[in-house]
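Q: coords please:
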Amino acid sequence: MRILFISAHAFLPSERKTSVHFVSEALAERGHSVATISVGYSLLTRFKDRNLYRRLVSKQKNRFEERTPRYRSACYIPLIHPFSSKSPRLNRAMSPFFRLYGNVLPRFMTREIKAANAVVLETGTGICFFDTIRRINPKARIFYFDRDRLDTVGALPYLIQLEQRIAPSFDRVFVPSPRMAEHLPPGTKVRYVPQGIDKYSFDRCETSPYPAGSRNAIIVGNMLFDDAAVSAMAQRNPGVAFHLFGGGMRGDFPSNVIIYGEQPFGDIIPYVKFADFGVAPYRITERELYLAASSLKLQLYSYCLLPILAPDLLAGTRDNLVVYRQSGEDDWANIVDLALKADRTPLWRDGILSWDEVAAQIEADLAGSNAARATEMDFLAASCPA
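A: Numbering: from 1, shown residues only. Sure, this is the predicted structure:
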């Protein structure tokens, strides 16, 4: 099967990996011909992230780079691209630009869409190509890889409204948490497929990066990042080193907070596996409770049998959580001590899938199998209130 992924993520070895990277790679390893196209980049990217722009242009600018015999990656880089901002006036001006961007495609992208049996659009800019894909290749099955709520990640109102219009037209919408289905309109064909992890890489990792006898906390990712909570817990626990991986983490942190920035996923693995506990410093509301099931960092920490410090809104969602008050917490020394002393149990790993197992579930949908349709109906039945 020829499968095309369109995503706002860059597909480069040097960039952090998310679920769309792991799933697309696993499908290629299962024998499919997989292509990825990164969108939401342009000459403007050069001013935002010069190094990323340089790497994309050198290998993938409007052309495919063959990563493996069955896996290719390209990046659509026009002169300018539409984007979401914090300015309501600018966002209103961007709406027609998004429509134009989604309707006028470069040749390399059109050719790949015509050749695809299945096209997978990830949450974000990629959904603006939906109507054009239907027009270019009406026989292709189109799927939505719905990873986050658009209103949570600050997307343009145009994209939020577009998602509501097109969601029922997808052949299937994959969500990483049952709660993610709550914001989708009636008639959407939803299937819950949990996140996975790279079990093989974690299992074969044997060397700790930490000094013997030291105490270490790991923080991976910057989504809804609560820098005040991290600063407070670090300040009250000077004997613990807090290791932060992710872009854009800046702040007046204590000296025991070590910031690594964006790093290749393989480099992060030993820091997670050999940490004393993990931290999920989300600043969330009820709207973001889907993260209890969809958060990759929670999966990684749990597979490595780490206690997890997390805000109290997530209380009860996992057995290895040590919760703190999101507002007004003043007992950080005791909370960190509870995490350090927590008894670890292999039960924390129950239900965690490998990426190959996740890809196998998605593969059934891409092929339009009866088993996949049955699973979808089971999910819908379980989601409906009695």
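
Q: would you check that Leu56 makes contact with Ser42?
A: No - contact criterion Cβ atoms under 8 Å: Leu56 and Ser42 do not qualify, at 10.4 Å. (Glycine included, C-beta is placed from N, CA and C.)

Q: which one of the two has more residues nearby?
A: Between Leu56 and Ser42, counting by other Cβ atoms under 10 Å, Leu56 is the more crowded of the two (25 against 18).

Q: from Phe265, how far off is that one?
A: 18 Å (Cβ to Cβ, to the nearest Å).

Q: one more: Ala280?
A: In terms of Cβ to Cβ, Ala280 sits 18 Å off from Phe265.

Q: where exactly do the helices run in the stretch 151-300 of the chain?
A: 157-166, 199-204, 227-235, 265-273, 291-294, 296-303 (DSSP state H, counting those that start in this stretch).

Q: mind giving me the packing neighbours of the longest one?
A: Spelled out, that is helix 157-166. helix 88-103, helix 130-136 (3 or more Cβ pairs under 8 Å, 6 or more residues apart in numbering; DSSP states H and E).

Q: and if we set it to 6 Å?
A: Applying 3 or more Cβ pairs under 6 Å, 6 or more residues apart in numbering; DSSP states H and E, we find helix 157-166 packed against no helix or strand.

Q: cool, the fourth one as well?
A: Secondary structure elements in contact with helix 265-273, counted by 3+ Cβ pairs under 6 Å, 6+ apart, are helix 199-204.

Q: one more time with 8 Å, if that's ok
A: helix 199-204, strand 215-220, strand 240-245.

Q: quick check: buried residues in it?
A: 265, 268-273 (16 or more other Cβ atoms under 10 Å).

Q: how about Val279, what does it touch?
A: 217-219, 230, 233, 242, 308-310 (Cβ atoms under 8 Å, 6 or more residues apart in numbering).

Q: from these, pick the one nearest Pro168.
A: Ala310 (34.0 Å; Cβ to Cβ).

Q: who does that closest one form a beta bridge with?
A: Val323 (DSSP bridges).

Q: if I look at it, how far off is Ser327?
A: Ala310 is 14 Å from Ser327, by Cβ to Cβ.

Q: so these two - more neighbours on which side?
A: Ala310 (29 against 9).

Q: test my guess that that one contacts Asn320.
A: No - under the criterion of Cβ under 8 Å, Ala310 makes no contact with Asn320, lying 9.5 Å away.

Q: before we move on, what's the pLDDT of Ser383?
A: The pLDDT attached to Ser383 in the predicted structure is 44.

Q: now the residue lying farthest from the centre of the chain: how far from Val279?
A: For the chain, the largest distance from the centre (Cα atoms, centre = their mean) belongs to Gly213, which lies 33.4 Å off. The spacing between Gly213 and Val279, counted by Cβ to Cβ, is 21 Å.

Q: what does Pro185 give?
A: Distance from Pro185 to Val279, by Cβ to Cβ: 36 Å.

Q: what of Gln164?
A: For Gln164 relative to Val279 (Cβ to Cβ), the value is 34 Å.

Q: swap in Gly196?
A: Counting by Cβ to Cβ, the gap from Gly196 to Val279 is 22 Å.

Q: then Arg99?
A: Arg99 is 41 Å from Val279, by Cβ to Cβ.

Q: what's the burial count for the residue lying closest to Gly266 once chain neighbours are set aside?
A: Spatial nearest neighbour of Gly266, excluding adjacent residues (Cβ to Cβ, 6 or more residues apart in numbering): Ser201 at 6.6 Å. Neighbour count of Ser201, defined by other Cβ under 10 Å: 13.

Q: same question, Pro185
A: 11.

Q: make sure Leu313 is indeed in a helix.
A: Yes - under DSSP: H, G, I helix; E, B strand; the rest coil, Leu313 falls within a helix.
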